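> only geometry, no sequence info:
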């Protein structure tokens, strides 16, 4: 009798709130994200569907899955349901060492406080660690984060410690970098070179050598743009197809000619297969570059943040904000999602991520597309006005709710108390 | 030359943006047309706030835009003193076994404060007298957020596990000495997480507080019959001491008829203060909703920010403030309990207000209307219709958060340089 009464209350709760009945222990799904508009670019899904999760994996994506089959139900009506985002340019090798910048230093951030609230479930730390200190990065950050953390190993053995450390050609060893990458194939997905100010091509060439040896892509932050190393040569001949140039809308990139027309080599480089990544950061995104470039059809292949302490509170803020910028620049929503999920997963050769295949890890993000008058800042404090903004409502990592802005996966407290 | 052309371009922008005038004179920044709530000064109306040299220069109606180098349009928004979070955990570090004292459960503050309008955080017991210097070097000196501290009565601080149960490491005299070494930065004593039957932890914290003339904040740890909560707030604590985790399920709050127990009002009358200290385990709507409805409101809206609460029901200060708005507390009261009141509690009356000459720590909030949900620490939901969203945060007059670019300039005007 008591059980029946509890079940009734539970069912009433379900009907009223569309959420969790607490009594069920043995239902087939752990979580059902119900009634949202699913965008899953890999599987060509772009319509209202339910997403069922069991055992930390996607169990079903279909229309009309009965809520009684799930222990917990999240009401996603009016919202977009997408694969958990991959941010392939982040700095999360945080630490407390003085003068260590992005490599056990104070310019990097612990990921979990920044990822889940914007729908990100995987970040790639790009170059914080080199082959000498990857183990420390793994022990200190990767192993203790709930966010999935992958890495591009810096071609500099000591990693991204700032200053002369990153200029030391003697510490850039393609072979040792590749050896370390092969030692951790599940975690190291690429090689990074960054911040180089000299005239030589060595850092780029050695990074590419390491990438070749380990069969992984290279990501380039081009450092100082100097005559001896023309940017055009980087993207049209030095990089391989599948390698990545990050900081696409950096002011220094030769983007427009004197008449304001997009330079033709950029499209040619993209056609060759070089990947252009946003890498917004604290200094690498100008609307003066992004607006004319995108209006002339030059869009980035992957959307990423370059999150660190210098960008987290500035124009960049977080992944959802950078995606919103792309949306307001005119990129269609499904493209924005693709370039934050399935596209970056392919770029880092992790095809098991970035989609909602049945059996895939249940990393899922749910967004509200807010309409209103919004402003977006670039790194020079210039504002671009927009009418739409993505707000992350719910994030699920390995099937577990790790962010729930408005409690759409919970029951009302008064109903919970009555049980 | 470029600058003057830029200024000319910006002057043509019309309403809604940044304007500039002669860069040689006038206020550095003017927040124009916002609804100012400054409880200390009894201000609750549309006013302009002018800032120069990192300090509040003037709060008045209709300060001319021409008197400032930069003007932020705050129409339709609330302008308040920077929020003061009385209960944070920011002694972050990399030791996986050090919990909230140089450990991975604390957060580096700046990524969590400014976006929620917070400009000052009081770390509640991360450091003890033995490692306060490390905390200062590692966090306080490097943070853009103003960090103050309640020093843990445990010498090693909040390292979790047995370390926090070691009565031999709770020394009132040494704790008080460290407090006196950093007046105004160490603003109180904390005792927390104690599980034993003795009153020793509380009593030593109070003894330290007495020696150093600072308040004590108590997390009561395990609530057991040997240490009745009623005795804590009616006898053991002094007026001005703080009980945190006010709406924790363990607190004997409601009687059989659902009425708030009389001793709680008595304790408040005595001068004991109550802090929210939301955290990941210390806030239940089943306690908070009836208590607030019956007038047992918090003195301060501390978040208990740490890695387990940052993405849970707590989230951040503006979310906690929003909960109280939706439980029926007025906007003015919410601001009071997030600014001037906590500043008074820690005797930092230089903070939490917008008096001319005060440091220009300012928050600008949008009160968004809609259908919202808020979770408690047990992840149960309360629905609400209002949510505070932090638009702009100033720390010492500098913009440290700008959600929608209120203080930015239009990009195409910038391109016309």
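Perfect, thanks for sending it. Quantities reported herein were computed from a predicted structural model and do not represent experimental measurements.
> which stretches of chain A have low pLDDT?
Along chain A, segments meeting pLDDT under 70 span A:1-25, A:417-419.
> Okay, domains of it per the record?
Following automatic domain parsing, one finds the domains of chain A at A:2-82+A:393-418, A:85-317.
> got the residues of the stretch 1-150 of chain B near chain A?
Within reach of chain A by Cβ under 8 Å from any Cβ of the partner chain, the stretch 1-150 of chain B has these residues: B:17, B:92-94, B:96, B:102, B:104, B:107-108, B:110-112, B:114-115, B:138, B:142. To be clear about C-beta, it is placed using only N, CA and C from the backbone, and glycine gets the same treatment.
> Spatially nearest residue to whatever residue of the stretch 201-350 of chain B ends up closest to chain A (excluding sequence neighbours)?
Closest approach between the stretch 201-350 of chain B and chain A, counting by Cβ to the nearest Cβ: residue B:285, at 3.9 Å. Leaving out its chain neighbours, the residue that sits closest to residue B:285 by Cβ to Cβ, 6 or more residues apart in numbering or on different chains is residue A:413, at 3.9 Å.
> Let me see the contact set for the one you found.
Neighbouring residues of residue A:413 by Cβ atoms under 8 Å, 6 or more residues apart in numbering or on different chains: B:284, B:285, B:286, B:289, B:376, B:380, B:381, B:382.
> Now do the strands in the stretch 251-400 of chain B.
Along the stretch 251-400 of chain B, the stretches classed as strands by DSSP state E, counting those that start in this stretch are B:273-275, B:362-375, B:381-395, B:398-402.
> Compare these and give me the one nearest residue A:383.
Ranking these by proximity to residue A:383 (Cβ to Cβ) places strand B:398-402 first, at 9.0 Å.
> which helices and strands does that closest one pack with?
With contacts defined as 3 or more Cβ pairs under 8 Å, 6 or more residues apart in numbering or on different chains; DSSP states H and E, the packing partners of strand B:398-402 are strand B:381-395.
> From the contact counts, what lies against the strand it packs on?
By 3+ Cβ pairs under 8 Å, 6+ apart, strand B:381-395 packs against strand B:118-128, helix B:317-326, strand B:362-375, strand B:398-402.
> List the buried residues of it.
Within strand B:381-395, the residues that qualify as buried are B:381, B:382, B:384, B:387, B:388, B:389, B:390, B:391, B:392, B:393, B:394, B:395, counting by 16 or more other Cβ atoms under 10 Å in any protein chain shown.
> and which of those residues is nearest to chain A?
The shortest approach to chain A among the buried residues of strand B:381-395 belongs to residue B:381, at 3.5 Å (Cβ to the nearest Cβ).
> Could you point out the bridge partners of the closest one in the sheet?
For residue B:381, the beta-bridge partners are residue A:412, residue B:375 (DSSP bridges).
> For it, give me the pLDDT.
Looking at residue B:381, its pLDDT reads 98.
> What ranges does the chain have for its helices?
Going with chain A. With DSSP state H as the criterion, chain A has helices at A:2-17, A:112-115, A:134-140, A:174-183, A:202-214, A:231-233, A:264-272, A:287-295, A:319-329, A:333-338, A:342-347, A:413-418.
> look at chain B instead
Taking DSSP H as the test, the helices found in chain B are B:2-11, B:110-113, B:132-138, B:172-181, B:200-212, B:229-231, B:262-270, B:285-293, B:317-326, B:331-336, B:340-345, B:411-415.
> Which residues of the stretch 201-350 of chain B lie near chain A?
So the stretch 201-350 of chain B meets chain A at B:284, B:285, B:286, B:289, B:307, B:310, B:311, B:315 (Cβ under 8 Å from any Cβ).
> Do I have it right that the third one meets residue B:248?
Pointing back at residue B:286 there. No: in this structure residue B:286 lies outside contact range of residue B:248 using Cβ atoms under 8 Å: 11.1 Å.
> Now do residue 399: how many residues are near it, please.
Since you didn't name a chain, this refers to chain A. Residues near residue A:399, counting by other Cβ atoms under 10 Å in any protein chain shown, number 19.
> ah, I was thinking of chain B
Count around residue B:399 with other Cβ under 10 Å applied: 20.
> what's the closest non-adjacent residue to it?
Excluding the flanking residues, the one nearest residue B:399 by Cβ to Cβ, 6+ apart is residue B:407, at 4.9 Å.
> Out of the domains of chain A, which gets nearest to residue B:43?
domain A:85-317 (27.5 Å).
> Is there any residue in the closest one that contacts chain B?
Yes: looking at domain A:85-317 against chain B by Cβ under 8 Å from any Cβ, the contacts come from A:94-96, A:104, A:106, A:109-110, A:112-114, A:116-117, A:140, A:144, A:287-288, A:291, A:309, A:312-313, A:315, A:317.
> thought residue B:391 was touching residue B:405?
No: here residue B:391 lies out of contact with residue B:405, judged by Cβ under 8 Å, at a distance of 9.7 Å.
> Enumerate every residue touching residue A:131.
A:153, A:157, A:173, A:176, A:177, A:179, A:180.
> Between the two ends of stretch A:59-69, how far is it?
End-to-end distance of stretch A:59-69: 12 Å, with Cα to Cα, to the nearest Å as the criterion.
> thinking again about what came up before, compare the contacts of residue A:131 and tell me which has the most neighbours.
Going by other Cβ under 10 Å, residue A:153 tops the contacts of residue A:131 with 34 neighbours.
> Just to check, that residue is in contact with residue A:127?
Yes: counting by Cβ under 8 Å, residue A:153 touches residue A:127, with 7.3 Å between them.
> Could you name every residue contacting both of the two?
Common contacts of residue A:153 and residue A:127 (Cβ under 8 Å, 6+ apart): residue A:192.
> State the number of residues packed around the closest residue to chain B within the stretch 151-300 of chain A.
Nearest to chain B in the stretch 151-300 of chain A, going by Cβ to the nearest Cβ, is residue A:287, at a distance of 3.7 Å. Counted by other Cβ under 10 Å, the residues lying close to residue A:287 total 25.
> And for residue B:250?
Neighbours of residue B:250 (other Cβ under 10 Å): 16.
> again with residue B:351
The number of residues packed near residue B:351 is 22, by other Cβ under 10 Å.
> which ones are touching it?
Residue B:351 sits next to B:81, B:82, B:84, B:120, B:146, B:339, B:343, B:358, B:359, B:361 when contact means Cβ under 8 Å, 6+ apart.
> For chain A, see how far away it is.
Note on residue B:351: its distance to chain A, by Cβ to the nearest Cβ, to the nearest Å, is 21 Å.
> Kindly give the local confidence score, pLDDT, for that residue.
pLDDT, read off for residue B:351, is 98.
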